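> Fold the following for me, if possible:
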Amino acid sequence: MNQRMYKIAFCGVGSIGRRHIINIVSYLKQQNCEYIIDAIRNDKTKEIDSVITNYISNIYSYDSELTNDYDVIFITNPTSHHFSTIQRYSKNTNHMFIEKPIFDKTEYDISRLMLKNDGIYYVACPLRYTNVIRYLNENINCNDAYSVRTICSSYLPDWRPGIDYRETYSAHKDMGGGVSVDLIHEWDYLVYLFGWPEKVIYTGGKYSNLEIDSDDLAVYIGKSKSKVIELHLDYFGRMNIRKLEIFLRDDTIKADLITGKVMYMKSGRIIDLSENRNDYQLREIAHFFDIINGNRPNDNDICHAVKILKIAKGEY
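Prediction:
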């Protein structure tokens, strides 16, 4: 990457925005690039996390017109605001990094976003950059799978320590929450590894005693001519599970995204690919800058992300 100055803005500086800011600063420093990072917030007076305060140059409110143009705007506010935020600020930037899920619903008219023809609009898909998913993509012929069984189970009240889960967007359908879209990571990497299903059967809803109005269970069966994919997502599992099993002609492979281990069940061989969460988050930031600098194609644009969202919401 050529040494240069990047002008960046963040719409939303919550936990994921904070993580991205820290990783961007780390990455750009490694590349000997300078940066200016501004924040756009609902409440300009609300205190910003002390860790990132020194990285932010200016703070603007959503009701003010931006006078600056940016190389990149990061959309890291609640999902239900993504469409209006992209629409409002697309004129102020060449490129956007949009947190998953892309939107809270699939009915939006993309043409109303007024996107630039030469702009890059990338939607986050961080699990693709984990050691486990990269290993499976590079070392397993996923086209040969007969069947895939996948689960992501966790307990929503434990997601954000110190924060009342009932007050988070995850707990509220009208804010874009719900396990089907919150855990859209699974469908993203499943399509990435195994291709698009021809048909998806979905059932889900609110089943537990959690005090939320969003769905806490989603179960899918994805079918194609060569394979069947089973996926279970929930908010109420009291032990974190994030695994997939791949059934091949000559072996069965178990992959654990939490422990970072891949096991070949027939031979008993275990590959240890353990890492910290931030390792793959940082890889995605590097990947994104490669895209906007023309070094690789955009492999998760808005149209792709909307199609994944349709699967997640049972509209495929």
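> Only C-alpha atoms from now on, for both contacts and neighbour counts.
Fine.
> what domains does the record give for this protein?
As assigned by automatic domain parsing, the chain contains the domains 5-124+281-301, 131-274.
> Turn those domains into CSV, including distance to residue 316.
Putting the domains of the chain into CSV (distance: least, Cα to Cα, whole Å) gives the following:
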stretch, distance to residue 316
domain 5-124+281-301, 11
domain 131-274, 6
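> out of those domains, nearest to residue 312?
domain 131-274 (5.5 Å; Cα to Cα).
> what sits against the residue nearest to residue 68 when sequence neighbours are not counted?
Using Cα to Cα, 6 or more residues apart in numbering and skipping the chain neighbours, the partner closest in space to residue 68 is residue 92 (6.9 Å). Applying Cα atoms under 8 Å, 6 or more residues apart in numbering, we find residue 92 in contact with 66, 68-70.
> Tell me which stretches of this structure form helices.
All helices of the chain, identified by DSSP state H, fall at 15-30, 50-53, 82-89, 131-139, 179-182, 185-194, 277-292, 302-312.
> Residue 116 - how many residues pack around it?
Applying other Cα atoms under 10 Å, we find 13 residues neighbouring residue 116.
> Over to the one 3 residues further on?
Around residue 119 sit 15 other residues, with neighbours defined as other Cα under 10 Å.
> per-residue pLDDT, it?
Residue 119 is assigned a pLDDT of 96 by the prediction.
> Residue 22 is in contact with residue 285, correct?
No. Look at residue 285 against residue 22 with Cα atoms under 8 Å: they stay out of range, at 10.6 Å.
> The two: which is more packed in?
Applying other Cα under 10 Å to residue 285 and residue 22 shows that residue 285 carries more neighbours, namely 20 against 14.
> what separates the more buried one from residue 124, distance-wise?
From residue 285 over to residue 124 the distance is 9 Å, taken as Cα to Cα, to the nearest Å.
> now swap in residue 172 and tell me
In this view, residue 172 and residue 124 are 21 Å apart by Cα to Cα.
> what's around residue 4, how many residues?
Look at residue 4: counted by other Cα under 10 Å, it has 12 neighbours.
> State the distance from it to residue 31.
Using Cα to Cα, residue 4 is found at 9 Å from residue 31.
> Ok, residue 103 next?
In terms of Cα to Cα, residue 103 sits 32 Å off from residue 31.
> Comparing those two, which residue is more hemmed in?
residue 103 (23 against 13).
> what about the lowest-mean-pLDDT helix or strand in the chain, distance to the chain center?
Ranking every helix and strand in the chain by mean pLDDT, DSSP states H and E puts helix 50-53 at the bottom, with a mean of 90. From the chain centre to the centre of helix 50-53 is a distance of 23 Å (Cα atoms, centre = their mean, to the nearest Å).
> Same check on stretch 214-233?
That offset, for stretch 214-233, works out to 18 Å (Cα atoms, centre = their mean).
> go on, stretch 261-276?
Taking mean C-alpha positions (Cα atoms, centre = their mean), stretch 261-276 and its chain are 25 Å apart.
> before we move on, what about stretch 96-116?
With Cα atoms, centre = their mean, you get 14 Å for stretch 96-116.
> start the count at 49, not 1, going forward
Renumbered: residue one is now 49, and that last one reads stretch 144-164.
> Quick check: buried residues in it?
Burial within stretch 144-164, assessed by neighbour count using 16 or more other Cα atoms under 10 Å, is assigned to 144-153, 161, 163.
> what's the answer for stretch 171-183, then?
Judged by neighbour count using 16+ other Cα under 10 Å, the buried positions of stretch 171-183 are 171-181.
> before we move on, what about stretch 216-225?
Neighbour count says stretch 216-225 has 216-221, 223-225 buried, by 16+ other Cα under 10 Å.
> Dump the C-alpha coordinates for that stretch into CSV.
What follows is stretch 216-225 as a C-alpha-only set of coordinates in CSV (Å, rounded to 0.1, in the frame of the first residue of the first chain):
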residue,chain,number,x,y,z
THR,A,216,-29.3,-4.0,23.7
TYR,A,217,-30.4,-4.0,20.1
SER,A,218,-30.1,-7.8,20.1
ALA,A,219,-33.2,-7.9,22.4
HIS,A,220,-35.4,-5.8,20.2
LYS,A,221,-36.8,-6.8,16.8
ASP,A,222,-37.4,-3.2,15.8
MET,A,223,-33.7,-2.4,16.3
GLY,A,224,-32.6,-5.2,14.0
GLY,A,225,-32.0,-7.7,16.8
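> contact partners of that stretch?
With contacts defined as Cα under 8 Å, 6+ apart, stretch 216-225 is touched by 126-128, 151-153, 213, 226-227, 230, 259-263.
> Just the buried ones from those?
126-128, 151-153, 213, 226-227, 230, 260-263.
> Now those in a markdown table, please, with extra columns for pLDDT.
Compiled in a markdown table, those are given as follows (pLDDT from 0 to 100):
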| residue | pLDDT |
| --- | --- |
| 126 | 89 |
| 127 | 90 |
| 128 | 90 |
| 151 | 95 |
| 152 | 92 |
| 153 | 92 |
| 213 | 93 |
| 226 | 93 |
| 227 | 96 |
| 230 | 92 |
| 260 | 96 |
| 261 | 94 |
| 262 | 94 |
| 263 | 96 |
